[in-house]
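J.: mind folding the following:
(chains A and B)
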Amino acid sequence: MRVGLVTGAAELVAPLLKQLEQDVGAKPQLSSGAAEPLLALLDAGKLDLVLGPFAKDSPWQTGVAFGPPLRAMPSGDHILELKAAMRNGENRWIMAVEHASRAVTAEARR
Amino acid sequence: MSDNSLPDELRPTMRRAIRLEYWNIFWTATIILIMGLVLGQSEAMKTAWVEDTLGLIPPMMFLIAAHMEMKGKRSAHFPFGFERVNGLGFFIAAVALTAVGSLLLVNAVMTLFAAEHATVGSVVVLGHEIWLGWLMIGAQLYSLVPPLIVGRKELPLAEALNDKLLHTDALMNKANWLTGAAGLAGVIGLGLGWWWADAAAAALISLDVISDGIKALRSATAELVDGAPRALSSAELSQDSQALSERLRTDFPGATIRLRETGRLIRAEVHDAHPPAEQRHPRHYWPGKAERAWRLAQVSFIPPSGPSEAGQACRPDVPS
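T.: Numbering: from 1, shown residues only, chains lettered A, B, ... in the order given. Okay, here's the model as predicted:
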């Protein structure tokens, strides 16, 4: 699976990546960068998953499918949520990532 | 003469229809709420939800019109009462249906062309992870039941009251199974990985909305521009008005008969004929069953013009 990691998020999302590896039996090919370019690559079908902190009211809300938040990260006036972003319409894959997210944190099960 | 325009014998039926429409609004509100909770990104669900929300317009317009017909008094400002409020409500409902149906169709077609893939993920309910599609299917199945029951109950009342607004609502409710079936197919299609099924179902539902709207619009416009009375379920001329026309033509040979409909009532003009010597209630001329004679509210006579009047009529530039 082709995974984009938003710079600085690698350690925070390691448990989720491990869980996904177990669940779907796929090795991650990691690339990292800023959130915007990674989400654009996801939208274009060049990545399967982007992991990182995103604003709760991100303008990408309808452009991609966000998974349940793994944790909340206050940042100034905003609250960022550490979560996975998937390509819209990839419903089976979205379900798998949502399931893995809920398996690794209690926050995501709420 | 009564203070308002509703024939007295219709009052009990009208009250039953009002009660039923309150129930209709209640059940529709529960459907809107339940569907709204599980909409997700599904186009078919959104379209079905909008159709259900639009479904509130006819019962609400009916209740407003019924209230004005039953309580509104004739006055200097409204000497004919409020019998046409129903027709106005019918027109508003028809415009809303057609406009929103067209908007939904455009939306669905654009989604199909842009190949937008709808996302239906999972939710946690009581600690269990469930595919949102199952909840959508449940909501769609629930949304089929109340309209089916309400629609069947509305139909005989609409016929008894000759109420086009109520009749349109009854037909919309009865036909809602199609919307539900299309919506279900769309969601199940998504579950099977057919991204296009959702938008295709939405397009199908919107075509149904447009078809309802256009039928209602034709009939409502005909009434507002004083067209001949139309049948309850179509824009064709109504059979009872055609029979009335025949009856008046037989009673007044050579006369020109003009009929129009104001709400549920028919008004007749008999041109080029003198009124009969004895006084007759308009209902005397009703050709059908006596219990439907309330439909004929007025018969007016316009006698043939004399030579001098005819001359004036032909020369509108001459001041009379």
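J.: what residues does the stretch 101-250 of chain B have near chain A?
T.: Taking Cβ under 8 Å from any Cβ of the partner chain as the criterion, the stretch 101-250 of chain B approaches chain A at residues B:116-122, B:124, B:127, B:129, B:131, B:190-191, B:193, B:195. Where you see a C-beta, it was placed from the backbone N, CA and C, and this is true even at glycine.
J.: so which helix or strand takes in residue A:31?
T.: strand A:29-33 (DSSP states H and E).
J.: now for that strand, which elements pack on it?
T.: strand A:2-6 (3 or more Cβ pairs under 8 Å, 6 or more residues apart in numbering or on different chains; DSSP states H and E).
J.: so what secondary structure elements neighbour the very next helix or strand once past the strand it packs on?
T.: Downstream of strand A:2-6, the first helix or strand assigned by DSSP H and E is helix A:10-24. On a contact count with 3+ Cβ pairs under 8 Å, 6+ apart, helix A:10-24 meets strand A:49-55, strand A:78-87, helix A:91-104.
J.: need the winner for burial among these.
T.: strand A:49-55 (a mean of 24; mean count of other Cβ atoms under 10 Å in any protein chain shown).
J.: okay, now the sheet partners of it, with direction.
T.: Partner strands for strand A:49-55, per DSSP bridges, with pairing direction: strand A:2-6 (parallel), strand A:78-87 (antiparallel).
J.: can you list those strands in TSV and add mean pLDDT?
T.: As requested, the strands paired with strand A:49-55 are arranged in TSV below (pLDDT from 0 to 100):
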stretch	mean pLDDT
strand A:2-6	90
strand A:78-87	88
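J.: could those strands go into CSV alongside distance to residue B:50?
T.: CSV is the format used below for the strands paired with strand A:49-55 (distance: least, Cβ to Cβ, whole Å):
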stretch, distance to residue B:50
strand A:2-6, 36
strand A:78-87, 27
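J.: still on that earlier bit, quick one: which two of the residues of the stretch 101-250 of chain B next to chain A are the most distant?
T.: Across these, no pair lies farther apart than B:116 and B:127, at 32.7 Å, counting by Cβ to Cβ.
J.: neighbour count winner among those two?
T.: Counted by other Cβ atoms under 10 Å in any protein chain shown, residue B:116 and residue B:127 do not tie: residue B:116 has more neighbours, with 18 against 6.
J.: could you measure from that one over to residue B:227?
T.: Computed with Cβ to Cβ, to the nearest Å, the distance linking residue B:116 and residue B:227 is 43 Å.
J.: right, and the strands paired with strand A:49-55 - which one's nearest residue A:70?
T.: strand A:78-87 (4.6 Å).
J.: about what we covered before: show me what the strand holding residue A:31 is in contact with.
T.: A:1-7, A:10, A:38, A:47 (Cβ atoms under 8 Å, 6 or more residues apart in numbering or on different chains).
J.: farthest-separated two in these?
T.: Among the contacts of strand A:29-33, A:1 and A:7 lie farthest apart (Cβ to Cβ), at 19.4 Å.
J.: so between the two, which is more surrounded?
T.: Between residue A:1 and residue A:7, counting by other Cβ under 10 Å, residue A:1 is the more crowded of the two (17 against 11).
J.: just to revisit the earlier point, who wins for most neighbours among the contacts of strand A:29-33?
T.: residue A:4 (26 neighbours).
J.: which ones are touching the nearest residue to that one once chain neighbours are set aside?
T.: What sits nearest to residue A:4 in space, not counting adjacent residues and going by Cβ to Cβ, 6 or more residues apart in numbering or on different chains, is residue A:38, at 3.7 Å. Contact partners of residue A:38, counting by Cβ under 8 Å, 6+ apart, are A:4-6, A:31, A:47, A:50, A:52.
J.: please repeat the previous calculation with a cut-off of 7 Å.
T.: Each residue near residue A:38 by Cβ atoms under 7 Å, 6 or more residues apart in numbering or on different chains is listed here: A:4, A:6, A:47, A:50.
J.: A strand includes it, no?
T.: No - read with DSSP: H, G, I helix; E, B strand; the rest coil, residue A:38 is helix and lies in no strand.
J.: and it, how far from residue A:93?
T.: Residue A:38 sits 17 Å away from residue A:93, going by Cβ to Cβ.
J.: what do you get for residue A:85?
T.: Between residue A:85 and residue A:93 the distance is 12 Å, computed by Cβ to Cβ.
J.: same question, residue B:161
T.: Here the distance between residue B:161 and residue A:93 works out to 55 Å (Cβ to Cβ).
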